[in-house]
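Trainee: based on what follows, work out the 3D shape:
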Amino acid sequence: MGLFRSTVNALRSGLSRTRSTLATPLAAMRGRTIDDDSINELERLLLSSDVGPTTTDIIVSELRDAISKGEKQNRDILELLRDQLVQRLSGKDRTLAIADIHPTVILVAGVNGVGKTTSVAKIARALREENRSVLLAAADTFRAGAVSQLATWADRLGIEIVKGQQGADPAAVTFDAIEAALARETDVLLIDTAGRLHTQEPLMRQLKKIKQVTSNKIEGAPHEVLLVLDATQGQNTLLQAKKFTEAIDVTGIFLAKLDGTARGGIVFAIEDEIGIPVKLIGIGERPEDVEPFDVEVFVEALIDDAVS
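Mentor: Take a look at the predicted model:
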């Protein structure tokens, strides 16, 4: 699916905080060949940007191995770093699933406060830009004001919404939304669910019930299960991703608030340690501030000041 259009300039702006902690110090290493001192400095910079110990260890080990074999010493260490970062993220399917028969059902989950409802609105707007009809399901009936927040977004974007009262059964709201999507032959149904901690077992069971309702009504649904993670939380996102994946088989990550953190390297930790592809990233507050996750573009925007 060709959702959105990724641009280096948009990502450069959104990743400015991460770039200030990674690209700027890396620029001082430009032209240096591989030696123990440069590798140690690189290791420190990667860890400070939340690239994570797993990915950092792999990159550092590869560089040290190159030294021991007498290979690559004459290559610029930053060029080699770029190659390594791209390699770590390559080979995954990052497209949003689209069903052959309407509607495509996208279930969106996450913990409290990660920007989940705003992320749903961003996805909805992008889908509309592709001339796809969209229906929103306000299945977050737990948080006060959640339904009205999504309804405000729906009105602002000119998108239809199915909602219930606060405290209503979210599975029932989901059922009604599916019925409406089928009747209207809607292209995509986006289901916004209540934010919940992965330790809240009753709410996690509720999320499983919502997913079950979709699969009972539509074969193969939900076609995409997106977990919204807050990039500013760094390594704390890893446990969230593990627990939600165990509960609802997450298929992709929407990494929100990437513009508000110096920890943009968390992308590498998520993919290396969880194995779930980052599919979308949020790089601002506006509805249009969302990008598909493009590996080459992301790495270029992340460190281009250092290697250009």
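Trainee: go ahead and confirm residue 181 touches residue 133.
Mentor: No. Contact between residue 181 and residue 133 fails when scored by CB atoms under 8 Å: they sit 9.1 Å apart. (Each C-beta comes from the backbone N, C-alpha and C, glycine too.)
Trainee: these two - which one has more neighbours?
Mentor: residue 181 (26 against 17; other CB atoms under 10 Å).
Trainee: packing partners for the helix or strand hosting that one?
Mentor: Assessed by DSSP states H and E, residue 181 sits inside helix 170-184. Judged by 3 or more CB pairs under 8 Å, 6 or more residues apart in numbering; DSSP states H and E, the packing partners of helix 170-184 are strand 134-139, strand 160-163, strand 188-193, helix 201-217.
Trainee: buried set for that helix?
Mentor: For helix 170-184, burial by neighbour count (16 or more other CB atoms under 10 Å) applies to 170, 171, 173, 174, 175, 176, 177, 178, 180, 181.
Trainee: of the residues you listed, closest to residue 147?
Mentor: residue 173 (8.9 Å; CB to CB).
Trainee: picking up where we left off before, Throw the helices and strands packed on helix 170-184 into TSV and include distance to residue 64, mean neighbour count and mean pLDDT, thanks.
Mentor: Output for the helices and strands packed on helix 170-184, formatted as TSV (distance: least, CB to CB, whole Å; neighbours: other CB atoms under 10 Å; pLDDT from 0 to 100):
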stretch	distance to residue 64	mean neighbour count	mean pLDDT
strand 134-139	50	27	97
strand 160-163	55	20	96
strand 188-193	45	28	97
helix 201-217	42	16	92
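Trainee: is it possible to get CSV of these that adds distance to residue 38?
Mentor: Below are those laid out as CSV (distance: least, CB to CB, whole Å):
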stretch, distance to residue 38
strand 134-139, 49
strand 160-163, 54
strand 188-193, 46
helix 201-217, 46
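Trainee: local confidence estimate at the residue nearest the centre of the chain?
Mentor: Centroid-nearest residue in the chain, with CA atoms, centre = their mean: residue 254, separated by 2.3 Å. On the pLDDT scale, residue 254 is placed at 96.
Trainee: what about it, which SS state?
Mentor: At residue 254, secondary structure determined by DSSP: H, G, I helix; E, B strand; the rest coil is strand.
Trainee: tell me where this protein has strands.
Mentor: Applying DSSP state E to the chain gives strands spanning 104-109, 134-139, 160-163, 188-193, 224-230, 252-256, 278-282, 290-292.
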